[in-house]
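K.L.:
Here you go, sequence then predicted model.
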Amino acid sequence: AQSVTQPDIHITVSEGASLELRCNYSYGATPYLFWYVQSPGQGLQLLLKYFSGDTLVQGIKGFEAEFKRSQSSFNLRKPSVHWSDAAEYFCAVGAGSQGNLIFGKGTKLSVKP
Amino acid sequence: SQTIHQWPATLVQPVGSPLSLECTVEGTSNPNLYWYRQAAGRGLQLLFYSVGIGQISSEVPQNLSASRPQDRQFILSSKKLLLSDSGFYLCAWSSGDYGYTFGSGTRLTVV
């Protein structure tokens, strides 16, 4: 069965530091992979997605993610974190013929001034 | 452009009372529609999805039901709420290509 694992429940980084959020997936075929961000009390916003092609994907707000098939990973990165990046981040994999997404449990990011 | 509306934003309901949450989409036709529940520390749980009017698929057995009376309307209901129904409920739509757009959510507290 398809699944997504985000090993880190909570990460704290200093403003200006680099960030990497981990995501591992389990899927039999070529996966469709996504990263979403959720601010407190809000819905989810799509940061970036990978369907095929270049394994390094650029997204909004300066985020990027790299698909590594050999490691079944799709880690999210940002070179310099801003205080406004504090939020919860969800990795997801597309599964099934209906276009359904399976989400990880999320990683909460806190940013220290 | 497409927009998704979800209401109410917050709701406090007593145990045993009924529930109706509504989600509507504008600017698209025949969308796939989804209801998710988000509980603290448990990520997003897919509750129901619909690929067309009257077509509802349930992902987990529970105290809730869903209906799609119109193409762009998706309703989440319960006849009798339980304490465990508390959570943040999110509606989403897609055109079937995994491009989800989420509503702003409803915070339900059952007391």
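P.N.:
Perfect, thanks for sending it.
K.L.:
drop to CA atoms for contacts and neighbour counts, all remaining ones
P.N.:
Noted.
K.L.:
Residue numbers of chain A in contact with chain B?
P.N.:
For chain A, the residues in contact with chain B (C-alpha under 8 Å from any C-alpha of the partner chain) are A:41-46, A:94, A:98-101, A:103-106.
K.L.:
one more time with 7 Å
P.N.:
By the rule C-alpha under 7 Å from any C-alpha of the partner chain, the part of chain A lying against chain B is A:42-44, A:94, A:98-101, A:103-106.
K.L.:
Check these and tell me the two furthest apart.
P.N.:
Across those, the longest distance by C-alpha to C-alpha is 25.2 Å; it joins A:42 and A:98.
K.L.:
where in chain B is pLDDT low?
P.N.:
Applying pLDDT under 70 to chain B picks out residues B:41, B:61.
K.L.:
if you set the cut-off to 80 instead, what comes out?
P.N.:
Low-confidence segments of chain B (pLDDT under 80): B:1-2, B:40-42, B:60-61, B:96-99.
K.L.:
Surely residue A:29 forms part of a helix?
P.N.:
No - going by DSSP: H, G, I helix; E, B strand; the rest coil, the assignment for residue A:29 is coil, not a helix.
K.L.:
give me phi/psi at residue 84?
P.N.:
All of this is about chain A. Main-chain torsions, residue A:84, degrees, to the nearest 10: phi -70, psi -10.
K.L.:
meant chain B, my bad for not saying
P.N.:
phi -70, psi -10.
K.L.:
What of residue A:35?
P.N.:
Torsion angles, degrees, to the nearest 10, at residue A:35: phi -130, psi 130.
K.L.:
In space, what's closest to it - neighbours in sequence excluded?
P.N.:
Distances taken as C-alpha to C-alpha, 6 or more residues apart in numbering or on different chains put residue A:91 closest to residue A:35, at 4.6 Å, once the chain neighbours are dropped.
K.L.:
I'd assumed that neighbour was in a strand, is it?
P.N.:
Yes - the assignment for residue A:91 is a strand, going by three-state DSSP.
K.L.:
my read: it touches residue A:21, true?
P.N.:
No - the pair residue A:91 and residue A:21 fails to qualify as a contact (C-alpha atoms under 7 Å) at a distance of 9.3 Å.
K.L.:
and these two? which has more neighbours close in?
P.N.:
Per other C-alpha atoms under 10 Å in any protein chain shown, whichever of residue A:91 and residue A:21 has more neighbours is residue A:91, with 30 against 23.
K.L.:
Now do that one, the pLDDT please.
P.N.:
Predicted confidence (pLDDT) for residue A:91: 96.
K.L.:
List the contacts of it.
P.N.:
Taking C-alpha atoms under 7 Å, 6 or more residues apart in numbering or on different chains as the criterion, residue A:91 is in contact with A:23, A:34-36, A:103-104, A:106.
K.L.:
Kindly provide the distance from it to chain B.
P.N.:
Look at residue A:91 and chain B: by C-alpha to the nearest C-alpha, to the nearest Å, they are 10 Å apart.
K.L.:
Any idea what residue 33 is bridged to?
P.N.:
Because you didn't say which chain, this covers chain A. Beta-bridge partners of residue A:33, counted by DSSP bridges, are residue A:50, residue A:93.
K.L.:
I was after chain B.
P.N.:
residue B:50, residue B:93.
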